[in-house]
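Novice: what follows is a predicted structure for the sequence shown.
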Amino acid sequence: MSSNLEIQKKCEWCNRLFIAKTTTTRYCSHSCNSKAYKQAKKDERGKKYALNAIGYRTMHRIEQISEKYEVIKNKEFLTVSETAFLLSVGRTTIYRYLHSGILSAFQTNGKTFIRREDIDALFDDPEPYRARPTKEQKPMTDFYTISEIKDKFNVKESWIYKVARENNIPKTLSRGKSYFSKKHIDRYFESKNGHSSLEIENWYSVEQLQEKYKLTKAAIYSFVSENIIPKKKEGCNVFYSQTHFDTAKGYVKPEYYSVEEAIQKYDLTRDALYHYIKYHNIPKIKEGRYIKISKPELDKLFEMQIIG
């Protein structure tokens, strides 16, 4: 329908704005009209080819099934594979039927044969169908936000989505925010770290890590992120799990004897023990009111005396 009005429209091919002379005009030029027509024909041929391909594969599969059925339909005895094909189940299911006595079989030379009559008899007097009771699933009520996971486990946001996707961790959306199942997140980190972050008692401050391991702050932040070291926040201060950090660094905590343990193990008096410590420069530390003696050094001293 022609019109004296100038109608502004967007070309359906190139998306340019143009002035149309009719209300039914869809393209800005003959060139765009031609390109759109050719693309429509190409898409139509592609769909037809895909449908033909699907149809061919389906027909080929039907022919294979028909041929296989023709081979076994008049056989008096069937193998396990043939029985599975006839009943449209897996071989494992057939073996389970045999083991439970639902089906009988004859075995010879490592082969198992099932009588066709026994298969047909399964359907002669079947028990009424009983639907399996559905398990009522408890709804999940505890969730972490992205920020809570980042703060608690010291991980990046992109890493959270990656792990949740790879481990099928349930999540939900509410007002545009993602929430992840608390139970599943905690279970994942427990399996990775061997401990629940709630059970951690000893923590390092950033300053303590700098002093102990001679690391810069940047190196500490990079290390705890790469090794998923649990952390906690107290006000503006951040603390990292001592056990997890030391383990990741390969640090082995020194072992010590108490004075009473050393006296009992090596049958010494207190004076004799202190003499050995002083004379042989055995390392010791003081914890509160108690003296602790280096276990490896004391053991080494007495092993040498036994050998000598």
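Specialist: Yep, it's here.
Novice: CA atoms for contacts and neighbours, from now on please.
Specialist: Noted.
Novice: show me what contacts the residue positioned nearest the centre of the chain?
Specialist: Nearest residue to the geometric centre of the chain (C-alpha atoms, centre = their mean): Asn167, 2.5 Å. By C-alpha atoms under 8 Å, 6 or more residues apart in numbering, no residues touch Asn167.
Novice: and it, how far from Trp203?
Specialist: 29 Å (C-alpha to C-alpha, to the nearest Å).
Novice: go on, Pro139?
Specialist: For Pro139 relative to Trp203 (C-alpha to C-alpha), the value is 35 Å.
Novice: neighbour-wise, which of the two wins?
Specialist: Trp203 (18 against 6; other C-alpha atoms under 10 Å).
Novice: that one and Tyr97, how far apart?
Specialist: Trp203 is 58 Å from Tyr97, by C-alpha to C-alpha.
Novice: before we move on, what about Ile228?
Specialist: Counting by C-alpha to C-alpha, the gap from Ile228 to Tyr97 is 48 Å.
Novice: neighbour-wise, which of these two wins?
Specialist: Ile228 (17 against 13).
Novice: let me see the contact set for the more buried one.
Specialist: 153-155.
Novice: helices - which of those residues land there?
Specialist: Within the contacts of Ile228, residues falling in helices by DSSP state H are Phe153.
Novice: what is the lowest-pLDDT residue among the contacts of Ile228?
Specialist: Minimum pLDDT across those is recorded for Asn154, with 73.
Novice: show me the shaky parts of this structure.
Specialist: Within the chain, the segments meeting pLDDT under 70 span 1-5, 50-56, 60, 134-138, 140, 191-201, 251-254, 304-308.
Novice: find the nearest non-adjacent residue to Arg91, please.
Specialist: Once flanking residues are discounted, Arg91 sits nearest to Ala84: 5.5 Å by C-alpha to C-alpha, 6 or more residues apart in numbering.
Novice: wasn't Cys14 part of a strand?
Specialist: No - Cys14 sits outside any strand when classified using DSSP: H, G, I helix; E, B strand; the rest coil, being coil.
Novice: okay but Ala20 is in contact with Lys9, surely?
Specialist: Yes - counting by C-alpha atoms under 8 Å, Ala20 sits close enough to Lys9 to count as a contact (6.5 Å).
Novice: neighbour-wise, which of these two wins?
Specialist: Ala20 (20 against 17).
Novice: who's in contact with that one?
Specialist: So Ala20 contacts 6-9, 28 (C-alpha under 8 Å, 6+ apart).
Novice: relative to Phe180, which of those residues is nearest.
Specialist: Lys9 (46.2 Å; C-alpha to C-alpha).
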